[in-house]
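[1] take a look and give me a structure for this.
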Amino acid sequence: MLKAMIEQLKRNFPLALYLFINSLFLLRYASRQNYISEFVVVFVYIVSLFFIKFLMGKLSFFKKGIVIKKGYIVLSLVIFIATIVINILVDPNSLKVDRWSAMEVTIENILNGIYPYNKLDHLGQTSSNLPGLSLLGFPFYFLGDVGYLQVFTFCVFSSWIFISKRKEVEKLLILIFLVLSPAYWWEVFVKSDLMSNLLLLVVFIDCWKESFNKNTFEKSLLLGVVIGFFVMTRGVVLIPLTIMLFHEFVKATFEQKIWFLLGVVSSVLVISLPIILSLEDFNTVIENNPFNHQTKYAPKLLIICSLVVPLLLSRKFSTSMPIFRLSTYVLTGLLLTTFMLNIFQEGVWKNIYGKAFDLSYLGMIIPFLLLSLSSLNSRSVSIQVEG
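    Numbering: from 1, shown residues only. Here you go, the predicted structure:
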């Protein structure tokens, strides 16, 4: 009885969390128009999502594998074109979100050999971009718009999901849940790098576990280099990477550990070199560094707990799915606890409709939810794919 209830909770939790996060985005941004109540928008959104899920289980043409493949390709092309059009039409200087300009300012100053973390973006804020994130944005900076990182990320993500070893219906569900996420489209409209960063991480984890499911440290040097890069993009990546790697690292051979650590250290040093060479006086570095920004969104104790708990959760996983599910739990604990503490301190209105809490941080959970949703809910759709 208890075991059945736990399984039911595990199955329903990803969808409930997905709806909660996206509903918060709709409440905040739908309230900025005067034609229809934001609560009606949220209600219609939830009903529509369940209706689409219901249709996929009932309509016979969804049972044909070839139809699902074609549907995936068509939907991918539509999203691809939409992300390009949005990036072209949206004037970045009109945005009240500065992630794009923080990346741009960081890249510009790195190229000029200037310490970037005390320079101001278009909203008068300093950058929180770690060097790896700036490296990720370099090609798109030279294309004239770092927002094209969103287009690139979608291409990588959708291409990987298409060729991955999943049921066709799971692949389509992942794409549908992505396209139906207001949190994702918010990221595209404001040219943010946050969800893109984590979508690429999800692709890496999924690809690596699919390729080296028996021995994660089979290519330990290469693994170390890639891990070093991701660690230098954003601190939050340590949560899923620790869950994925810590247990197996402890069990790895001495040689594998050395090659892995060599890869990590080499990668971190090479990526950090432009920043190291541009370091200014000690006080400037202490007062203006990306870690100050990346740790201010949550209480320090919660951040420490979110880094310790993954050590305890880490196991040898034969697939990526438990890693995504456990990462979802840890991130949810960190971010929703912070959200609730803010509500107790400053009230519901300021956190949902005001600026007391940055809802985009909740969007960090979406990439992990997408893959959890596909596996836990494709069973409830009950589609038997033919051909």
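
[2] hang on, P182 packs against Y29?
    Yes: using CB atoms under 8 Å, P182 is in contact with Y29, at 7.3 Å. All C-beta atoms are positioned from the backbone trio N, CA, C, and that covers glycine.

[3] ok but L175 is inside a helix, no?
    Yes: with DSSP: H, G, I helix; E, B strand; the rest coil as the criterion, L175 is part of a helix.

[4] so between P182 and Y29, which is more surrounded?
    P182 (21 against 17; other CB atoms under 10 Å).

[5] excluding chain neighbours, what is closest to that one?
    Spatial nearest neighbour of P182, chain neighbours left out: F25 (4.3 Å); criterion: CB to CB, 6 or more residues apart in numbering.

[6] also D206?
    Closest to D206 by CB to CB, 6+ apart is S320, at 4.5 Å.

[7] residues touching that neighbour, list them.
    S320 makes contact with I205, D206, W208, K209, E210, M244, L371, according to CB atoms under 8 Å, 6 or more residues apart in numbering.

[8] any idea how far L120 is from it?
    Separation of S320 from L120 (CB to CB, to the nearest Å) stands at 39 Å.

[9] does V146 count as helix, strand or coil?
    Relying on three-state DSSP, one would call V146 coil.

[10] likewise for T319?
    Strictly by three-state DSSP, T319 counts as coil.

[11] that one against K209, yeah?
    Yes: the pair T319 and K209 qualifies as a contact (CB under 8 Å) at a distance of 5.9 Å.

[12] wait, a strand at V74?
    No: assigned with three-state DSSP, V74 falls outside any strand and is helix.

[13] gap between it and I174?
    Going from V74 to I174 by CB to CB gives 15 Å.

[14] between those two, which is the more surrounded one?
    Higher neighbour count among V74 and I174: I174, with 24 against 10, using other CB under 10 Å.

[15] quick check: that one vs V348, distance?
    32 Å.

[16] tally up the residues packed near the residue nearest to Y117 when sequence neighbours are not counted, please.
    Spatial nearest neighbour of Y117, excluding adjacent residues (CB to CB, 6+ apart): N288 at 4.4 Å. N288 has 17 neighbours, counted by other CB under 10 Å.

[17] need the contact list for N288.
    Counting by CB under 8 Å, 6+ apart, N288 touches Y115, Y117, N118, T126.

[18] most surrounded residue in those residues?
    Neighbour max across the contacts of N288 (other CB under 10 Å) = Y117, 24 neighbours.

[19] make sure it is indeed in a strand.
    No: if the criterion is three-state DSSP, then Y117 is coil and not within a strand.

[20] who touches it in this structure?
    Per CB under 8 Å, 6+ apart, neighbours of Y117: T106, T126, S127, V285, N288, N289, P290.

[21] would you mark the buried spots in the helix or strand containing G333?
    Using DSSP states H and E, G333 maps to helix 321-346. Within helix 321-346, the residues that count as buried by 16 or more other CB atoms under 10 Å are 321-332, 334-335, 338-339, 342-343.

[22] helices or strands up against it?
    Counting contacts by 3 or more CB pairs under 8 Å, 6 or more residues apart in numbering; DSSP states H and E, helix 321-346 packs against helix 2-30, helix 194-211, helix 238-251, helix 300-313, helix 348-352, helix 366-381.

[23] next, format those as JSON lines and append mean pLDDT and distance to S164.
    As requested, the helices and strands packed on helix 321-346 are exported to JSON lines (pLDDT from 0 to 100; distance: least, CB to CB, whole Å):
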{"stretch": "helix 2-30", "mean pLDDT": "85", "distance to S164": "18"}
{"stretch": "helix 194-211", "mean pLDDT": "95", "distance to S164": "6"}
{"stretch": "helix 238-251", "mean pLDDT": "95", "distance to S164": "17"}
{"stretch": "helix 300-313", "mean pLDDT": "91", "distance to S164": "24"}
{"stretch": "helix 348-352", "mean pLDDT": "90", "distance to S164": "36"}
{"stretch": "helix 366-381", "mean pLDDT": "69", "distance to S164": "10"}
